[in-house]
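Asker: Following is a predicted model, sequence given first.
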Amino acid sequence: MLKVIDHPLIRHKLTVMRDKDTGTKDFRDNLDEIGGLMVYEVTRDLPLKDLEIETPICPYVAKTLATPIVVAPILRAGLGMVSGILSLIPTAKVAHIGLYRDEETLEPHTYFEKYPKHMDESTVIIVDPMLATGGSSAAAIDMVKRQGATNIKLVCLVGAPEGVELIEKLHPDVDIYLAALDERLNENGYIVPGLGDAGDRIFGTK
Ligand SMILES: O=P(O)(O)OC[C@H]1O[C@H](OP(=O)(O)OP(=O)(O)O)[C@H](O)[C@@H]1O
Ligand SMILES: O=c1cc[nH]c(=O)[nH]1
Ligand SMILES: [Mg+2]
């Protein structure tokens, strides 16, 4: 399933991020805020279970989240979405998936992995601002599946049709959420119109 979360606040903030004159601080702030805004829709179908509590008035069988939640940013750029998501799901655990895309071959390379316990029982939300060829996200999904995860969501800001197609082909069981589906990739594998190199813009490395 692909869901493009179209909302005026998200569109406005994304426009700020797309602008080449936006500096590191505003780029970072808007990314984090969009991450938070997307959470509401991404978590809409989370399973609930019964919990017996007592309100000040009477005993009551209430609902509570049925599975632990793991937020799994793809380093580096995915880190920029974590705090916005944690502000709405403060009990979530955080996995780290270190991947970079080779600039020539566009192939993903793994350099770090660290997971919380019980990945097999958790809802795992992989986050990365950019879904370009889809190679990095597909590799990240493979990695969390090797940890036993079966309930996986992929949350990106900007996606290219090529990346969506790859994930739908390799991982049809994973729901994809985007803030925008852009036109295409250019000859260097960058999303058009896109927002440039997200990692460099977040961390000021270029
Ligand atoms: O869909 P793909 O073609 O794989 O491209 C997308 C990947 O490229 C970027 O990361 P990058 O490799 O630049 O690493 P960084 O976050 O450290 O800058 C981006 O954050 C994704 O992880
Ligand atoms: O447009 C793109 C493609 C891959 N990675 C980025 O950061 N931006
Ligand atoms: Mg980068």
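Answerer: Perfect, thanks for sending it. Ligands and ions are numbered 1, 2, ... in the order given.

Asker: For whichever residue of the chain sits closest to ligand 1, pull up the helix or strand it's in.
Answerer: Nearest residue of the chain to ligand 1 (C-beta to the nearest ligand atom) works out as Gly199 at 2.1 Å. Glycine gets a C-beta too; all of them are placed from N, C-alpha and C. Gly199 belongs to helix 198-203 when assigned by DSSP states H and E.

Asker: Counting by contacts, list what that helix packs against.
Answerer: Other elements packing on helix 198-203 under the criterion 3 or more C-beta pairs under 8 Å, 6 or more residues apart in numbering; DSSP states H and E are helix 24-42.

Asker: avg pLDDT for the helix it packs on?
Answerer: Across helix 24-42, pLDDT averages out at 96.

Asker: Could you do stretch 94-103 as well?
Answerer: On average, the pLDDT along stretch 94-103 is 97.

Asker: hmm, it touching ligand 3?
Answerer: No: Stretch 94-103 is not in contact with ligand 3 by C-beta under 5 Å from the ion; minimum separation 7.1 Å.

Asker: Report the buried residues of that stretch.
Answerer: Going by neighbour count (16 or more other C-beta atoms under 10 Å), the buried part of stretch 94-103 is 94-95, 97-99, 101.

Asker: And for the strand or helix carrying Glu162, what's in contact with it?
Answerer: Using DSSP H and E, the element containing Glu162 is helix 161-170. Under the criterion C-beta atoms under 8 Å, 6 or more residues apart in numbering, residues 2, 131-135, 137-138, 141, 154, 156, 174, 176, 178, 181, 183-185 lie in contact with helix 161-170.

Asker: how about that helix as CSV, C-alpha atoms only?
Answerer: Once non-C-alpha atoms are left out, helix 161-170 reads as follows in CSV (Å, rounded to 0.1, in the frame of the first residue of the first chain):
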residue,chain,number,x,y,z
PRO,A,161,8.2,6.4,-8.7
GLU,A,162,11.3,4.2,-9.3
GLY,A,163,11.7,3.7,-5.5
VAL,A,164,8.1,3.1,-4.8
GLU,A,165,8.0,0.4,-7.6
LEU,A,166,11.1,-1.4,-6.2
ILE,A,167,9.7,-1.6,-2.6
GLU,A,168,6.3,-2.7,-3.9
LYS,A,169,8.0,-5.4,-5.9
LEU,A,170,10.5,-6.7,-3.3
